[in-house]
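[1] take a look and give me a structure for this.
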Amino acid sequence: MSNRELTPFSYEVLALVGRGGASAYEVRQMAHRGRIFAWAGESQYYTEPKRLAGLGYLEPRTERGKTRPRVVYTLTQKGLDALAAWARTPARFPSIRHEALVRLLAADLVGEEAVREGLAALRADLDAVEAGFAEGLRGLERLPHRRKYLELGARLGQGWLELNRRWLDEVERELTSAP
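    Sure, this is the predicted structure:
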């Protein structure tokens, strides 16, 4: 049974809040550390926890922060029940938003040289994303109850990065060769 109040992004936020709780800033940091798992714009990581709290899926509490008070969210029983019900629904193959692929699809319109030029920075970006995964894995000792799951997720991300590197190698070879 689907819950019309909740979107895939809602479930991401609930899962990232986890049992220990997190502020909206911390949720955003976790999602963006591995970047390929970040589904939404930055501001949504601040608005969605508030929305979920208003619906009763998260409980907000104010804590002292470094410079000002901060709101930390924890899962309510309703939020945990929603996650448990959603986890049992059939998973589907994910859609892929891949800007580099769209650029490649435009090569006959804009020229292969323009596409090669646009893709040139992708390797450094892949390295930066991989560094984010490594940074996240270094902090796993703080989350021993989630270690196995975070490592499995990181392996998916690392495999996706490797696949993108191989694809980029192939694209560069093909766009460099003479017709």
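
[2] got the domain ranges for the chain?
    8-87, 99-176 (automatic domain parsing).

[3] right, so those domains: which one is the most enclosed?
    Highest mean neighbour count among the domains of the chain (mean count of other CB atoms under 10 Å): domain 8-87, with a mean of 16. C-beta: built from backbone N, CA, C; applies to glycine.

[4] what is the end-to-end distance of that one?
    With CA to CA, to the nearest Å as the measure, the ends of domain 8-87 fall 11 Å from one another.

[5] for the chain, where's the lowest mean pLDDT among helices and strands?
    Within the chain, no helix or strand scores below helix 24-33, which has a mean of 83 by mean pLDDT, DSSP states H and E.

[6] return the distance of that helix from the chain's centre.
    9 Å (CA atoms, centre = their mean, to the nearest Å).

[7] in this protein, which spans are helices?
    Here the chain has its helices, by DSSP state H, at 8-17, 24-33, 44-54, 77-87, 99-105, 107-110, 112-119, 122-138, 147-176.

[8] take these and lay them out in CSV including distance to Lys66.
    Output for those, formatted as CSV (distance: least, CB to CB, whole Å):
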stretch, distance to Lys66
helix 8-17, 20
helix 24-33, 11
helix 44-54, 18
helix 77-87, 27
helix 99-105, 35
helix 107-110, 47
helix 112-119, 40
helix 122-138, 20
helix 147-176, 25
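
[9] so which of the ones you listed is nearest Arg64?
    Across the helices of the chain, Arg64 has its closest neighbour in helix 24-33 (14.5 Å, CB to CB).

[10] so, low pLDDT: which residues of this structure?
    1-3, 34-37, 178-179 (pLDDT under 70).

[11] do you know how far the residue lying closest to Val13 once chain neighbours are set aside is from Ala91?
    Setting aside the residues directly before and after it, Val13 is nearest to Glu48 in space (CB to CB, 6 or more residues apart in numbering), at 4.9 Å. Noted for Glu48: a distance of 21 Å to Ala91, by CB to CB, to the nearest Å.

[12] now Asp108
    35 Å.

[13] swap in Ala24?
    26 Å.

[14] distance from stretch 159-168 to the middle of the chain?
    Using CA atoms, centre = their mean, the offset of stretch 159-168 from its chain centre is 17 Å.

[15] coming back round to it: and the helices of the chain: which comes nearest Pro69?
    Nearest of the helices of the chain (CB to CB): helix 24-33, 12.6 Å.
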